[in-house]
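Engineer: task: produce atomic coordinates for the following.
(chains A and B)
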Amino acid sequence: MGDLYAWLVSFFFLIALLVVVVYQLMCLADLEFDYINPYDSSSRINRVILPEFIAQGVLCIFYLVTGHWVMSLLSIPYLYYNVRLYLRNQHLVDVTEIFNLLNWEKKQRLFKLFYLVCLLFLSIFWMILTALDDHE
Amino acid sequence: MGTENRGRPQFPARPAATPFAAAPPQNMMPFSSSGPVVGSEASGFRPTPPAAPHPTVPSSTPVVGSQASGFRSPPLARFNDPSVPPPASNIPPPVGPYQHFSASAFPSTAQAPLSRAPPLGQPLGQPPAPPASLRPQSQIPSVPMGSPPQSINFASPNVNVPYSSSDSTFPAARPNFQSSFPGYARMQSNADSQAPPLQYPFPPHQGGYAPAPPASSSPFLTHQGGYAPAPPVSSSPFLAHQGGYVPPTPVAAPAGLQSRDQMQHLGSGPPIGSIQGLLEDFSSLSIGSVPGSIDPGIDPKALPRPLDGDVEPKLFAEMYPMNCDPKYLRLTTSAIPNSQSLASRWHLPLGAVVCPLAEAPDGEEVPVVNFVSTGIIRCRRCRTYVNPFVTFTDAGRKWRCNICSLLNDVPGEYFAQLDATGRRIDLDQRPELTKGSVEFVAPTEYMMRPPMPPVYFFLIDVSTSAVRSGMIQVMAQTIRSCLDELPGYPRTQVGFITFDSAIHFYNLKSSLTQPQMMVVSDLDDIFLPLPDDLLVNLSESRSVVETFLDSLPSLFHDNVNVESAFGPALKAAFMVLSQLGGKLLIFQNTLPSLGVGRLKLRGDDLRVYGTDKEQTLRLPEDPFYKQMAAELTKYQIAVNVYAFSDKYTDIASLGTLAKYTGGQVYYYPSFQSAIHGEKLRHELTRDLTRETAWEAVMRIRCGKGVRFTSYHGNFMLRSTDLMALPAVDCDKAYAMQLSLEETLLTTQTVYFQVALLYTASCGERRIRVHTAAAPVVADLGEMYRQADAGAIVSLFSRLAIEKTLSHKLEDARNSVQLRIVKALKDYRNLYAVQHRLGGRMIYPESLKFLPLYGLAICRSTPLRGGYADASLDERCSAGYTIMTLPVKKLLKLLYPSLIRLDEYLLKASTQVDDFQNLDKRLPLAAENLDPRGLYLYDDGLRFVIWFGRALSPDVAMNLLGADFAAELSKVTLYEHDNEMSRKLIRILQKFRERDPSYYPLCHLVRQGEQPREGFLFLSNLVEDQIGGTNGYADWILQIHRQVQQNA
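Structural biologist: Model (predicted):
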């Protein structure tokens, strides 16, 4: 039963991460189409970047603690990438250069998005599997 | 703050428009079904009656040419496109001879003097003799109907392209146009050329060239088909000094300068026309290919050198006479590729360099237009401003936007009848419809707030080094002397903050007799001690400000504080200025050491160079600077940084403030008021008094299918294509690159419109609009012919400097070289098939200096060598400077002038204005230095006077007085009481006056005086081999080899 709860929790984590990444992408798209100015856009994005990194780190540890080491392994590249960005001080969006980096920032977030969707499907799959197991 | 695009859909959707080609002139061609239309306006002109057929051109042609040479009509006359185009085919006869004239002799009248011509395709030459009273408007062609089947487009405006005969003194410089006749190639085949080579129409006295017209290039042919033949071959691309050039042979090149109405897409690739029409249009350089040998086989004297300075591409301007002056807008190539595949073969940057406020050429001030009643006329959809290229239709009730081709209504108050040729009758009262550059007075819709007054705020470092160097003294005196000339009297506002380890505010309230100083030493929580009166109106508080400036040097006379709380002081200045915006001048002497934004010494570490960490040295260390810069721009504050330290001050970080706020960095290493005082005085005066545009935004629009994708310069982007420029002036240029959005362009002309919305110092909101047109071509060769080396070099250097921020210097240099190689390789491939090129290096005439400038970019201060070749601060400040420089000044900086002075000084003549000899620039190579000579090196930012070792002591003594034997680093040049010295000072003065934007300081150096000589002078001799870098000949050889590899 505990396993099912673990999957549920990770499911909500992943949903939250997805929402955050989609939100950032939306801000970038708005900027591209000139709906908001670069100052607002970058401050909105920067506000959620650290929560995203932390949530992802917590999720990774959570998988490890609950013994789902495969999932933990799968989310490590993402974590590594985030940590590297943070250590190089490149994690925040630079308002002065945002237009020159727009494509790169979008690409990066789209990758993250796909990555998270894959993880989400996997975790849903495991969740259903455990739920069925529990029934039997 | 100003939205330049109010009301416009937030992102420019450009729906499919009606095909442009259909748009302009034809619709409104009012040709009556019979009879000439000449009448209405061509009052001064009496059409010459048809004469007997002239199968050959009458020998009287030179006469006409000479008559014509005196005649010039205003540019507006020339481009009378709407009236001209297709029906030309109706008048075959006069064409041959006449057209020739129009082409070569008087561009302005090209279309004019066509009388009713017999409709038969019978040659009928009538050299027109335009009466002196010929008015510009007179070039409406007479257009009898009943056209012969073959439609020929020779009479379209492009016949104007060739320069007038009065210009023909420099024909050799412009080899390009011969290729440019639309339909030329076709015509060649269709027309039976009856009149082969004829008398050369230009009297020899006109040319400064050796007229070597290849036999095939008969200056004009009379064609039954009625085609204007290639213009005189004055365009043979070899110049006298290019000894190594292989004389070009003619090549029929594809149509290039198509008129906007009538362009024809001739096949791409250089078509080989009839053999006699073959004009070769590349330059080449023989290279004896003995790879690796010591003697490279290049005659160094034969290498092309830009000794005449920058030559703006005239051809472009003549093609579209209504284009704005190239001072304002220069395209890297004035032939836009018509497909993405073509664009991808053009390896050079595709873009533009814009200098929106460049100083207007004399007598051509930008006209100010005030649409009081109608509001500014703009396109409904793309928000383009009305410009000379829009066309009026529907009897003047509608106008078609030239950029998005939307049909707009003409407001009632702006309505004017169209005359018989489809032009508005009030054209001559409408500068916005005749001039490429205009200024509109913007109504209140263009203001987010009342126009701001000019604001100058000074943030002054008063730590001990600033006091000791004498900077404060010079600065205070200069500001005081400029108070009268600050723009915008009586609204101008000024304010001051000084700082060392604390921040000093000054209350300059007009009721006070003396300024009050308030010291804030809490650096963590900055607050303003006064709500206002820190920034005061200059005219009201004039006496207090003067008192303050007078007392400032003595106030901190014995300051021993060595700290600098720069970050907090900057924040304080920001708080003062955030209400209004304005210009913030920062005088910085020591490395910021207290509070936010403190910096540490870096860049001293030799080992960092060549590693991945190298580029971080050129980036701001603390994110505070970028954030601050972004905030400053948001509040319309421009920052100019003046840095003076003799030690490392981290220009990379400080300069960021200027970079994103449209400012500028001035760097005076080891400032000493005795030496550098004059330079600071001039440059600060220039900065304070030059005409400045405030709270500006700039956008460049272009036609459908083309889009500007990246921008390079000092500004911040506010949206994808809107540049925020808190302050702009005439010394700032911006570069941008464009890309094609559609795989194939369907239009035949691309229009560019630069719009700068700003507040003038007088308080008026204005929009400066520059419009230019460029043809779309299908041929790579044409793109090369129309290339503008100056603009390309400008973009190259900006790209290279930006690359140094993320890559190693080495990589940045290699990328420049690589792109030149790629470009030349593709160019070679164009011709390699038809011509046996062998070991020759070929390049387009338009880009003959490109390799040299490429070398100069690699040798320029920001990019040269490694750790030891330039200090980090110098690199960064030079980088920031180059990012703002307009094309002309940049080229001067890259390839400075070297002039021999001693002969001139020794000449007995007292004629002062005998400067012609002085303009003889020498190639920048040490072999040109005669030890007996005295040379002046001038790169626009500084002078170096080089004293040869064997220079006669008399000269040295006369120039330097008693100091002549001393070490020259300690000697300053000043006027002595003798003729020679006075002459020299006059020369320097003359050179300084030519370009007032910087004050070149004079450095004296003696031959053999190491290491100063190497550092100041020898390392700047671009063509020499120094250290591990290539000399010019080696560089050419290296490029040539790389081009030939798998070529």
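Engineer: check chain B for its longest strand and report it.
Structural biologist: strand B:765-777 (DSSP state E).
Engineer: other SSEs contacting the helix or strand that that strand is followed by?
Structural biologist: Next helix or strand after strand B:765-777 toward the C-terminus (DSSP states H and E): helix B:780-785. Secondary-structure packing of helix B:780-785 (3 or more Cβ pairs under 8 Å, 6 or more residues apart in numbering or on different chains; DSSP states H and E): helix B:340-345, helix B:809-832, strand B:841-844. (C-beta placed from N, C-alpha, C; glycine too.)
Engineer: phi, psi for the spatially most central residue of chain A please.
Structural biologist: By Cα atoms, centre = their mean, chain A has its centre lying nearest to A:Leu17, at 4.0 Å. Backbone torsions of A:Leu17, given as degrees, to the nearest 10, read phi -60, psi -40.
Engineer: wait, doesn't it sit right on A:Ile54?
Structural biologist: No: using Cβ atoms under 8 Å, A:Leu17 makes no contact with A:Ile54, being 10.5 Å away.
Engineer: is chain B within reach of stretch A:98-110?
Structural biologist: Yes: judged by Cβ under 8 Å from any Cβ of the partner chain, stretch A:98-110 comes into contact with chain B at A:98-100, A:102.
Engineer: got the confidence number for residue 101?
Structural biologist: Chain wasn't specified; assuming chain A. Model confidence at A:Leu101, given as pLDDT, is 90.
Engineer: please refer instead to chain B.
Structural biologist: Reported pLDDT for B:Phe101: 39.
Engineer: quote the end-to-end distance of stretch B:386-406.
Structural biologist: 12 Å (Cα to Cα, to the nearest Å).
Engineer: would you mark the buried spots in it?
Structural biologist: B:386-393, B:396, B:399-406 (16 or more other Cβ atoms under 10 Å in any protein chain shown).
Engineer: next one: stretch B:437-447
Structural biologist: In stretch B:437-447, counting by 16+ other Cβ under 10 Å, buried: B:437-442, B:446-447.
Engineer: do stretch B:764-771 as well
Structural biologist: Buried residues in stretch B:764-771 (16+ other Cβ under 10 Å): B:765-771.
Engineer: do stretch B:538-556 as well
Structural biologist: B:538, B:541-542, B:544-545, B:547-549, B:552-553, B:555-556.
Engineer: ditto for stretch B:487-495
Structural biologist: B:487-488, B:491-495.
Engineer: from the residues you listed, which one has the minimum pLDDT?
Structural biologist: Lowest pLDDT among the buried residues of stretch B:487-495: B:Gly488, 89.
Engineer: does that one lie in a helix or a strand, and which?
Structural biologist: Going by DSSP H and E, B:Gly488 is not part of any helix or strand.
Engineer: now do the contacts for it.
Structural biologist: B:453-454, B:761-763 (Cβ atoms under 8 Å, 6 or more residues apart in numbering or on different chains).
Engineer: one more time with 6 Å
Structural biologist: B:453-454, B:761 (Cβ atoms under 6 Å, 6 or more residues apart in numbering or on different chains).
Engineer: for chain A, give me the ranges with low pLDDT.
Structural biologist: Counting by pLDDT under 70, chain A contains low-confidence ranges at A:1.
Engineer: can you pull the residues of it lying near chain B?
Structural biologist: Proximity of chain A to chain B, by Cβ under 6 Å from any Cβ of the partner chain, involves residues A:33-34, A:95-96, A:99.
Engineer: among those, which lie within helices?
Structural biologist: Residues of those located in helices (DSSP state H): A:Phe99.
Engineer: show the buried residues in the residues of chain A next to chain B.
Structural biologist: Counted by 16+ other Cβ under 10 Å, the residues of chain A next to chain B give A:34, A:95-96, A:99 as buried.
Engineer: hey, where'd the helices end up in chain A?
Structural biologist: Counting by DSSP H, the helices of chain A are A:2-32, A:38-65, A:69-87, A:98-135.
Engineer: turn the ones you listed into TSV, including distance to B:Ser645.
Structural biologist: Output for those, formatted as TSV (distance: least, Cβ to Cβ, whole Å):
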stretch	distance to B:Ser645
helix A:2-32	38
helix A:38-65	32
helix A:69-87	32
helix A:98-135	30
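Engineer: wait, which of the ones you listed is closest to B:Leu850?
Structural biologist: helix A:98-135 (25.9 Å; Cβ to Cβ).
Engineer: please name every helix or strand in contact with the closest one.
Structural biologist: helix A:2-32 (3 or more Cβ pairs under 6 Å, 6 or more residues apart in numbering or on different chains; DSSP states H and E).
Engineer: what residues sit buried inside the helix it packs on?
Structural biologist: A:3-4, A:6-7, A:10-11, A:13-14, A:17-18, A:20-21, A:23-25, A:27-28, A:30-32.
Engineer: how many residues are close by B:Asp419?
Structural biologist: 20 (other Cβ atoms under 10 Å in any protein chain shown).
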